[in-house]
Structures are given as C-alpha cells and as structure tokens.
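**Student:** build me a model:
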Amino acid sequence: MARALALDPDLMLYDEPFAGLDPISLAAGGRLIKQINRVLGITSVVITHDVAVVEDFADHACLIAGGRMVASGTPKDLYASEDPIVHQFMEGLPDGPVPFHYPAADLADDMIGKRSR
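**Tutor:** Numbers count the residues shown, from 1 in each chain. Prediction:
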C-alpha cells in the first residue's frame, strides 16, 4: 500500500484486502482505507466479500452477480433492498435465487456406486 501511495494516485484499487484477517485487523483495515481517502482526497475501489465491513467505510457499494451489476447505492440502500439476490447476499443466506450447491450426485449414491464388489 505504501508503494502505491508513494506514486500519489487519484484512485486506489484493493482486491480482497480483508481476506484472512482477524476481526480486529479487519476493522482497522477498513478504518485505514477510509482515513487514506479522507486525508489524501483520493477514491478507493475495494473488492470484498466481507459485507459486514462495507458499511463501516464505503460511501457507495455495488453488488455484482452473474457477470452484471445487480444493485448499487449506499450500504444501507443495499441492506434495505427487496431484490432477492441482493437480500440473499447482504444477509449471507445459503438459500435463495443464487444456488449454494452445485449440481452433483447424492453423496450416498456416489459412495455406494464406487464401492468394489
């Protein structure tokens, strides 16, 4: 991050900056991004699946699904959305329009079918 900021950019891109962080480090990272934006007057684009922290640092959020943007707005707008895809993602629900399970044989059938006789 320091090397990128040394170049005095107008825009910072972060790809999953919170992956693998503990909750304390995650919160500190979100706060750092927000402070950098404010102090340096830059914009940051953050790609993340950590929906819970988006509300802490983002002014605007976009949700992409199926190769297209399905929603955008403030994090509060996304949480309030009645769109089933947006609701499922923001609430982290395993059941909904986005399938959690991929088509596969039933585990029992798969295991029985592979037994040698």
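
**Student:** and the strands in the chain?
**Tutor:** Assigned by DSSP state E, the chain shows strands spanning 11-15, 43-47, 61-65, 68-73.

**Student:** flag the shaky bits of the chain, pLDDT-wise.
**Tutor:** 113-117 (pLDDT under 70).

**Student:** so where's the longest helix in it?
**Tutor:** helix 23-40 (DSSP state H).

**Student:** so Pro97 touches Ile85, yeah?
**Tutor:** Yes. Under the criterion of C-beta atoms under 8 Å, Pro97 makes contact with Ile85 at 5.2 Å. All C-beta atoms are positioned from the backbone trio N, CA, C, and that covers glycine.

**Student:** among those two, which residue is more densely surrounded?
**Tutor:** Ile85 (16 against 13; other C-beta atoms under 10 Å).

**Student:** residue contacts, that one?
**Tutor:** Going by C-beta atoms under 8 Å, 6 or more residues apart in numbering, Ile85 touches Leu63, Ala65, Val70, Ala71, Gly96, Pro97, Val98.

**Student:** let's go with 6 Å and repeat that
**Tutor:** Ala65, Val70, Pro97 (C-beta atoms under 6 Å, 6 or more residues apart in numbering).

**Student:** switch those over to TSV; also include distance to Asp110.
**Tutor:** Output for these, formatted as TSV (distance: C-beta to C-beta, whole Å):
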residue	distance to Asp110
Ala65	29
Val70	34
Pro97	27
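
**Student:** mind putting the strands of the chain into JSON lines with mean neighbour count and distance to Ala104?
**Tutor:** Listed next are the strands of the chain as JSON lines, based on neighbours: other C-beta atoms under 10 Å; distance: least, C-beta to C-beta, whole Å:
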{"stretch": "strand 11-15", "mean neighbour count": "12", "distance to Ala104": "29"}
{"stretch": "strand 43-47", "mean neighbour count": "14", "distance to Ala104": "28"}
{"stretch": "strand 61-65", "mean neighbour count": "16", "distance to Ala104": "22"}
{"stretch": "strand 68-73", "mean neighbour count": "13", "distance to Ala104": "26"}
